[in-house]
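Trainee: structure, please.
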Amino acid sequence: MTSEQLTLHTTTKGEGERRVAYCHGLFGQGKNWGTVAGSTSDLATSTLVDMPNHGRSPWTEEFDYAQAADALAETLVGIDDSGSWTVVGHSMGGKIAMMLALRHPELLDRLVVVDISPVDYEETEDIDRFVTAMQELDLGSIERRADADDALSEDIPDKGVRAFILQNLRRTDDGWRWQLNIDLLARSLEQLRGWPAGQAEGLTYEGPVTWVGGEDSGYVKDEMTETMREYFPYARLVTVKDAGHWVHAEQPEVFERIIRRALTADD
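Mentor: Have a look, this model is predicted:
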């Protein structure tokens with residue numbers, strides 16, 4: 001399936017004048033941004049996007065950041081083609097948002113990148129373990145969501161992480177199934193961790209960029225600044241104290257202020 005055939009699933013929240021699109025990370029869904037979208041509804045009409053192979057969006061045969069960015073572009077143009085989007089992306093969604101800005105800069109007014117950088121990351125044991133546990137879950141033996149929670153508890157001991165992952169489990173007439181494309185994601189972990197430097201070569205986004213990093217996270221480091229500014233020369237780093245990778249969930253009030261500041265920067 002090509003990007004032209006991909007229409008991503010979206011939901012809308014708020015009735016404010018500005019247009020904001022939110023892009024979630026791995027295992028997430030657009031609805032994960034509901035809190036900040038609701039708290040800024042006076043300023044913005046927020047579009048919560050399910051990324052490809054997640055939520056209610058279509059599945060693809062392979063994972064590709066450029067293809068995902070092009071699909072996002074098609075989706076946003078179908079909603080509002082005025083070129084006034086503020087795009088917010090976390091982790092995987094942050095890389096998709098960065099590729100969107102590089103490939104389709106005419107669509108954006110500004111960019112907010114949350115705890116991710118345009119670099120390749122090393123293999124992470126936790127993510128690999130989560131994916132394996134999801135693939136090995138015997139869906140045929142699941143009668144209730146609590147059964148799945150119990151079955152995953154040994155490999156995924158953190159209750160909050162399990163709850164986040166289990167939002168992707170759906171009951172159908174034929175039993176339970178994963179709503180996200182777990183098999184594709186499992187074989188695409190190297191691409192997900194990586195950054196398509198070849199596809200981004202020579203591209204820059206000259207608009208304003210708020211680059212948000214969690215103080216306790218390893219995804220945004222000083223040595224990544226030079227690479228970030230090669231693509232985004234006007235990127236401004238904002239470090240959030242007492243926050244790890246999930247900045248918007250761990251420090252929601254601080255994150256709301258960051259979004260409000262980004263949305264009103266030209267006022």
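Trainee: rest of the way, CA atoms for contacts and neighbours
Mentor: Fine.
Trainee: which ones are touching residue 245?
Mentor: Contact analysis of residue 245 by CA atoms under 8 Å, 6 or more residues apart in numbering lists 115, 213-214, 216-219.
Trainee: and those residues, which are buried?
Mentor: The neighbour-count test (16 or more other CA atoms under 10 Å) marks 115, 213-214, 217, 219 as buried among these.
Trainee: next one: residue 161 from residue 149, what distance?
Mentor: Residue 161 sits 10 Å away from residue 149, going by CA to CA, to the nearest Å.
Trainee: quick one: which of these two has more around it?
Mentor: Shown here are residue 161 and residue 149; by other CA atoms under 10 Å, residue 149 has more neighbours (18 against 12).
Trainee: could you look up the SS state of the closest residue to the more buried one other than its chain neighbours?
Mentor: By the measure of CA to CA, 6 or more residues apart in numbering, the closest residue to residue 149 outside its immediate chain neighbours is residue 162, 6.8 Å from it. At residue 162 the chain is in helix, as set by DSSP: H, G, I helix; E, B strand; the rest coil.
Trainee: now for the contacts of residue 245, which pair is the farthest apart?
Mentor: 115 and 216 (10.4 Å; CA to CA).
Trainee: in strands only, show me the buried ones among the contacts of residue 245.
Mentor: Applying DSSP state E to the buried ones among the contacts of residue 245, the entries found in strands are 213-214.
Trainee: picking up where we left off before, and the pLDDT for the residue nearest to residue 149?
Mentor: Looking at residue 162, its pLDDT reads 96.
Trainee: burial count for it?
Mentor: The burial count for residue 162: 18, using other CA under 10 Å.
Trainee: also the one 10 residues further on?
Mentor: When neighbours are defined as other CA under 10 Å, residue 172 has 8 of them.
Trainee: need the strands for this structure, in chain order.
Mentor: Using DSSP E, strands in the chain cover 10-13, 18-23, 44-49, 85-90, 108-114, 169-172, 175-178, 209-214, 235-240.
Trainee: adding mean pLDDT and distance to residue 255, write those out as TSV.
Mentor: Shown next, in TSV, are the strands of the chain (pLDDT from 0 to 100; distance: least, CA to CA, whole Å):
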stretch	mean pLDDT	distance to residue 255
strand 10-13	98	17
strand 18-23	98	13
strand 44-49	98	15
strand 85-90	99	11
strand 108-114	98	10
strand 169-172	95	28
strand 175-178	95	30
strand 209-214	98	9
strand 235-240	98	8
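Trainee: now the ones you listed in a markdown table, with distance to residue 259?
Mentor: Shown next, in a markdown table, are the strands of the chain (distance: least, CA to CA, whole Å):
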| stretch | distance to residue 259 |
| --- | --- |
| strand 10-13 | 15 |
| strand 18-23 | 10 |
| strand 44-49 | 10 |
| strand 85-90 | 9 |
| strand 108-114 | 8 |
| strand 169-172 | 30 |
| strand 175-178 | 32 |
| strand 209-214 | 9 |
| strand 235-240 | 11 |
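Trainee: the ones you listed: which one's closest to residue 31?
Mentor: So among the strands of the chain, strand 44-49 is nearest, using CA to CA, at 6.3 Å.
Trainee: neighbouring strands for that closest one, and are they parallel or not?
Mentor: strand 10-13 (antiparallel), strand 18-23 (parallel) (DSSP bridges).
Trainee: count of residues packed around residue 242?
Mentor: Using other CA under 10 Å, residue 242 has 12 other residues around it.
Trainee: who is the closest residue to residue 31 other than its chain neighbours paired with across the strands?
Mentor: Excluding the flanking residues, the one nearest residue 31 by CA to CA, 6+ apart is residue 48, at 6.3 Å. Counting by DSSP bridges, residue 48 is bridged to residue 11, residue 22.
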